[in-house]
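Undergrad: Give me the fold of what follows.
(one chain, ligands or ions: 1)
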Amino acid sequence: MKFLESTINLFQKKSLRQLVSNFRNEYISNGIDEASLKSNPIDQFEDWFNEAVDNKLIEPNVMHLSTATPYGKPSGRIMLLKGFDERGFTFFTNYTSRKANELAENKFAVMTFLWLGLFKQVRIEGTVEIISTKESDDYFNSRPRGSQIGAWVSAQSKPISDRTELEQKVDEIEKRFEGKAVTRPDNWGGYRLVPVCIEFWQGRASRLHDRIQYNLEKDHSWTKQRLSP
Ligand SMILES: Cc1cc2nc3c(=O)[nH]c(=O)nc-3n(C[C@H](O)[C@H](O)[C@H](O)COP(=O)(O)O)c2cc1C
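TA: Okay, the predicted model is just below:
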């Protein structure tokens with residue numbers, strides 16, 4: 001009995017560090033029907049994004065953005081997609097942040113979407129360009145006032161002494177714009193990832209997933225190929 005108790009105790013005390021390899025799920029889906037894939041991957045992305053919205057997945061526009069220094073040292077962070085069309089995929093941030101500094105020197109970037117509730121992933125590779133000031137202004141003007149003030153307050157990615165520093169800046173900026181519309185700070189705006197390669201991944205049983213990769217060819221057409229999981 002004592003032995004059993006001590007074994008159970010040992011199991012309960014087993015840390016997640018030891019148990020993490022036991023987390024395992026089968027990804028059950030019908031897979032990708034190649035015949036019904038769109039010839040343009042941006043249209044295909046729209047279909048999958050719609051499916052994520054229709055299925056009420058939380059924050060369907062959340063993605064991971066990877067950038068790198070010119071020497072290839074990578075960095076990543078979660079971001080929100082704020083638009084997409086034939087030109088590419090748009091996000092907004094601070095133009096003096098770590099990611100912005102990396103993009104200024106190395107325009108290659110990758111966005112990765114995970115819609116786990118659908119066992120879907122989309123990976124978008126390409127180069128990043130700054131969007132027009134009009135596009136940035138239009139989006140900035142659509143944001144809630146608190147977020148607009150936040151854009152002025154945060155010197156994103158820079159060290160600060162404490163939270164009071166932020167709160168004092170909020171008071172300053174609120175006074176500055178009292179009774180007026182908050183204009184977009186020059187150091188805040190949008191980027192567009194212009195894609196050259198987009199991969200659609202659909203989880204399937206026994207880790208035999210479907211992967212379809214679209215590549216942009218020299219004549220600006222898109223070709224597709226299936227990749228091994
Ligand atoms: C759900 C979620 C959404 C986010 N969306 C954005 C965003 O749209 N723009 C942004 O600048 N940071 C966003 N962030 C914060 C970034 O992850 C990151 O902390 C910030 O951009 C600084 O990154 P950097 O130091 O690598 O430049 C988001 C974080 C989370 C968790």
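Undergrad: Mind checking the pLDDT average for stretch 137-149?
TA: This predicted structure assigns stretch 137-149 an average pLDDT of 98.
Undergrad: What lies in contact with that stretch?
TA: By CB atoms under 8 Å, 6 or more residues apart in numbering, the list of residues contacting stretch 137-149 from outside reads 82-83, 92, 151, 170, 173-174, 177, 181-184, 188-190. Quick note: C-beta positions are derived from backbone N, CA and C, even for glycine.
Undergrad: Stretch 49-58 too?
TA: Contacts to stretch 49-58, defined as CB under 8 Å, 6+ apart, come from residues P60, N61, F84, W115, L116, G117, L118, K120.
Undergrad: so what's the last one bridging to?
TA: Following DSSP bridges, K120 is listed with bridge partners W115, Q202.
Undergrad: dump the residue contacts of it.
TA: W48, E51, A52, F113, L114, F200, W201, Q202, G203 are the contacts of K120 under CB under 8 Å, 6+ apart.
Undergrad: Do you know the pLDDT at the nearest residue to S29 once chain neighbours are set aside?
TA: Counting by CB to CB, 6 or more residues apart in numbering, the nearest residue to S29 once its immediate chain neighbours are dropped is F119, at 5.2 Å. Per-residue pLDDT puts F119 at 98.
Undergrad: quick one: F119 and E135, what's the gap?
TA: 34 Å (CB to CB, to the nearest Å).
Undergrad: same thing with N40?
TA: 22 Å.
Undergrad: Which residues of the protein lie near the ligand?
TA: Taking CB under 6 Å from any ligand atom as the criterion, the chain approaches the ligand at residues 62, 75, 77-80, 91-93, 97-99, 156-157.
Undergrad: can you redo those as JSON lines with neighbour count, pLDDT and secondary structure?
TA: Supplementary listing: these in JSON lines, determined by neighbours: other CB atoms under 10 Å; pLDDT from 0 to 100; DSSP: H, G, I helix; E, B strand; the rest coil:
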{"residue": "V62", "neighbour count": "15", "pLDDT": "98", "secondary structure": "strand"}
{"residue": "S75", "neighbour count": "12", "pLDDT": "98", "secondary structure": "strand"}
{"residue": "R77", "neighbour count": "13", "pLDDT": "98", "secondary structure": "strand"}
{"residue": "I78", "neighbour count": "10", "pLDDT": "98", "secondary structure": "strand"}
{"residue": "M79", "neighbour count": "17", "pLDDT": "98", "secondary structure": "strand"}
{"residue": "L80", "neighbour count": "12", "pLDDT": "98", "secondary structure": "strand"}
{"residue": "F91", "neighbour count": "21", "pLDDT": "98", "secondary structure": "strand"}
{"residue": "F92", "neighbour count": "22", "pLDDT": "98", "secondary structure": "strand"}
{"residue": "T93", "neighbour count": "22", "pLDDT": "98", "secondary structure": "strand"}
{"residue": "S97", "neighbour count": "18", "pLDDT": "98", "secondary structure": "coil"}
{"residue": "R98", "neighbour count": "16", "pLDDT": "98", "secondary structure": "helix"}
{"residue": "K99", "neighbour count": "23", "pLDDT": "98", "secondary structure": "helix"}
{"residue": "Q156", "neighbour count": "17", "pLDDT": "95", "secondary structure": "coil"}
{"residue": "S157", "neighbour count": "14", "pLDDT": "94", "secondary structure": "coil"}
